[in-house]
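> Structure, please.
(2 chains)
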Amino acid sequence: MLFNSFHFLIFFLVITTSYFALPYNKRWILLLAASCYFYMAFVPIYILILGFTIVIDYFAGIYIEDAIGKQRKLFLIISLIANLGVLSIFKYYNFLNETCSFLLQGFGLENPIPYLSILLPIGLSFHTFQAMSYTIEVYRGRQPAERHFGIYSLYVMFYPQLVAGPIERPQNLLHQFREKFDFDYNRVTSGLRLMTWGLFKKVVIADRLAIVVDNVYNNPYEHNSLSLIIATVFFTFQIFCDFSGYSDMAIGAARIMGFRLMTNFDTPYQSKTIQEFWKHWHISLSTWFKDYFYIWLGGNRVTVPRWYLNLFLVFLVSGLWHGASWTFIIWGALHGFYLVFGLATKNFRMKINQFLGIDRFDFLSVLITFCLVAFAWIFFRANGVQTAFYIASHIFTGLPFLWHKMINHQSVFENMGLDKYGLILSVLLIIFLESVQFLQKHKNLSRLFKTFPTIVRWSLYYGIILTMLFAGVFEKRQFIYFQF
Amino acid sequence: MKKFFIKSLYLVIPLSLFVWTMENNLGRVKNRYNFKRNCLEEQLDSIQVLVLGSSQVTFGVNPDYFCMKGFNLSNISQTLFYDTRLTMKYVDRMPKLKFVVINISYFTLGSQIYDGIESWRDYYYSQFWDINYPELDKFELKRYSKLFLYTPSTSLSYLLKGFDVNLVGDLRRNGYYWVNTSDNTLSINDSVGLYRVRFHEKHYHDSRFNENVKDLKELIGYLKKRGIVPAIVTPPVLPTYSKFVDVKRYGKNTRAIEQLCTTFDIRYFNYFTDTSFDKTDFTDNDHLNFLGAAKFSSRINRDILRSKPDSIGQ
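Got it, this is the predicted structure:
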């Protein structure tokens, strides 16, 4: 069930109304049943996979808490193996198998291991990480084991963030299922506004940009440099609007019922460095990697080369987390390289910037960071490694020729799936988005919104709804991050 | 809660009124589906020949050339699923019906609209013919709303034109779609033909074969029970199309049809590579123009409608 579907609208209205109608102590049952229904709307049978890991982790949590000495570690390892085992089978088995086949072919050998014809359960990576954070936190003694099986299941399956995060920590979410949330007008309207903004980003911006991106990226060999650049920039905003739109809807839906989910995006494209970008992009995943992998590797309390290696490894694994494909691994490696290179040359770059006097222009740093991030997205979006390298190597090669055509008043725009007005609208939407983001960074928009006269506020409500209706793309495009 | 409820009404009531007005006006827009349905329902009492199938017969069979009253119930991309349901829905209301011409093209037995890029047509059948393909999403708004069926942006353009739009085109009251071709040189050649065959093959799924054969059996059995004569035809195409088809797939289709014909004792007329149709009869590699439609309809009239069922077969 997609957040941008009529099915979800009905589901959401029924569940939210029932939630407030039920007594506090019965609400978890409704939410758990709703979450099961929500998940089963995709591929019903995959609920069994979730069920399997839920049972393992539930008991692992209790045994870890009750056990002493090495047994605690043993139960943690069992839980981690179960979670990562399921993830490996469904997500990485065929990828590893294909890689083996490729390597063996080099030696003229055939791979005897069969290919498994299985679909990746939707949102499995998110679910796995959230489940792992629970057992790790119990092991570290920072979270008591949850003894109520229903509440624990709900922690892992809570429908707003079940398939694409934010990846919550037990300390933040588990206790909320026992809190008593009354209907609060301000909280409910704030949640609804956030959901509407998220839906706007998804159906009006992301899915519109996706038309151009799909058109160009599915057949890059037939497009010129300008199209490749436009499609890459569009994808940069598409993935942001798609994923942050989902997160906004998830946070908004939870907020209406009283739950506080963590912020997942905070104006990432206005970051001045790659390091800053990762503090503002997919925050729940970045902090997960920091807390459970980077620190486990030793973090920065090691020698400098080892620190750089730790950082690089984190991004490599982060790439692999996103998808079982070399394109994602290269994307992760690129970000790892950006970060390590940035740190290694920090002092040198600062001196140069000071010398040239460009350290006063934040805009330049934002632009450079944006270009680096956009370039890395090529590998994330491309249909294969070969295609990605083709795009990366041809993105600027034809520009002189295009420039020549332009000064001779010849058309340089190709058929990219949208007409001239569609492209202009897309650019205007990106400008609108970044303006809102800019305002959001400097002012509390919700508070500012409340100061507007009623007529302005209501005109904005109608305007946004009608824009969504008439400028939205209703093709039931899946959210990009659902595949992970 | 009360405050929230009242404020929600401020938002919902004007929007609902707007949507209701749009739905009402869009409901009055004539398109090929509701136009054809209205034409069919007006002529039910007099129809003697019914033609079923996809675009190859929509553009290729003009019932005016029949010796008896005919109606072309085919439509672009219409599959056997809809041929069967449409016939079963109306056959008992057509007292004079004698013949049903069933079109089986190269791709028919492996196609369902639902699988392809024209899946939006499923919702037109749902809204205008009240026939729902079983795999359709029950929660899809296109099933219930004309605003979403036409898409909101297109609906907005209709609103700006005061809903004064003609979506019927050259569809005639006998269900035939008239196509003129002043210059077909660009649309008839090997590369376009190959592209067209590949397009059809892309939407041909072997997994759909049995479903379609089952529908065909059901349709034929239903007609035979009522004493109506079904006949299967494969319309003509140009060599720029036929030479690219997968011979194995073509053979599989033909064998299935012939087996059905033997089982039900009905006739099959295969004009696929009929050389009496040439470039001047076509609008593109696999669609006849009005000249070709006149010729093909006359052939159907001669071979099927005028002949005695027990003496002719191909």
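
> Contact residues of chain A facing chain B?
Neighbours of chain B within chain A, by CB under 8 Å from any CB of the partner chain: A:5-7, A:10, A:20, A:183, A:185, A:188-189, A:458, A:461-462, A:465, A:469-472, A:474, A:476. For every residue, glycine as well, the C-beta is placed using N, CA and C.

> now for the top helix by length along chain B, which elements pack on it?
As assigned by DSSP state H, the longest helix anywhere in chain B is helix B:2-26. Applying 3 or more CB pairs under 8 Å, 6 or more residues apart in numbering or on different chains; DSSP states H and E, one finds that helix B:2-26 makes contact with helix A:185-200, helix A:454-471, helix B:146-149, helix B:152-160.

> just the angle between that helix and helix B:152-160, please?
70 degrees (axes from the mean of the first three to the mean of the last three CA atoms, to 10 degrees).

> returning to that earlier point: A:L209 is nearest to which of the helices and strands packed on helix B:2-26?
helix A:454-471 (12.3 Å; CB to CB).

> quick one, that closest one and helix A:185-200 angle?
Going by the same axes, to 10 degrees, helix A:454-471 makes 30 degrees with helix A:185-200.

> Can you name the residue of chain B nearest chain A?
B:F139 (3.5 Å; CB to the nearest CB).

> Give me the pLDDT value at that residue.
pLDDT, B:F139: 88.

> one step back: drop anything exposed from the residues of chain A next to chain B.
A:5-7, A:188-189, A:461, A:465, A:469-472, A:474, A:476 (16 or more other CB atoms under 10 Å in any protein chain shown).

> Which member of those is positioned nearest B:K252?
Once CB to CB is applied, the member of those that ends up nearest B:K252 is A:K476, at 33.8 Å.

> Close to chain A: what parts of chain B are there?
B:1, B:3-4, B:7, B:10-11, B:14-15, B:137, B:139-141, B:148, B:151-153, B:156.

> circling back to that earlier point, what's the most buried one of the helices and strands packed on helix B:2-26?
With neighbours defined as mean count of other CB atoms under 10 Å in any protein chain shown, the helices and strands packed on helix B:2-26 peak in mean count at helix B:146-149, which reaches a mean of 22.

> and the residues of chain B next to chain A, which are buried?
Judged by 16+ other CB under 10 Å, buried ones among the residues of chain B next to chain A: B:F139, B:E140, B:L141, B:F148, B:T151, B:P152, B:L156.

> for these, which one is nearest A:G123?
B:F139 (19.9 Å).

> Next, that closest one: phi, psi?
phi -100, psi 10 (degrees, to the nearest 10).

> That one contacts A:A41, correct?
No. When contacts are counted by CB atoms under 8 Å, B:F139 is not listed as touching A:A41 (9.2 Å).

> what about residue 69, neighbour count?
Looking at chain A here, since you left the chain open. Number of residues near A:G69 (other CB atoms under 10 Å in any protein chain shown) recorded here: 7.

> I was after chain B.
17.

> Also the one 5 residues further on?
B:S74: 29 surrounding residues under other CB under 10 Å.

> contacting residues for it?
Neighbouring residues of B:S74 by CB atoms under 8 Å, 6 or more residues apart in numbering or on different chains: B:V51, B:L52, B:G53, B:S54, B:S55, B:V57, B:T58, B:V61, B:D83, B:N103, B:G175.

> Many thanks, we can stop here.
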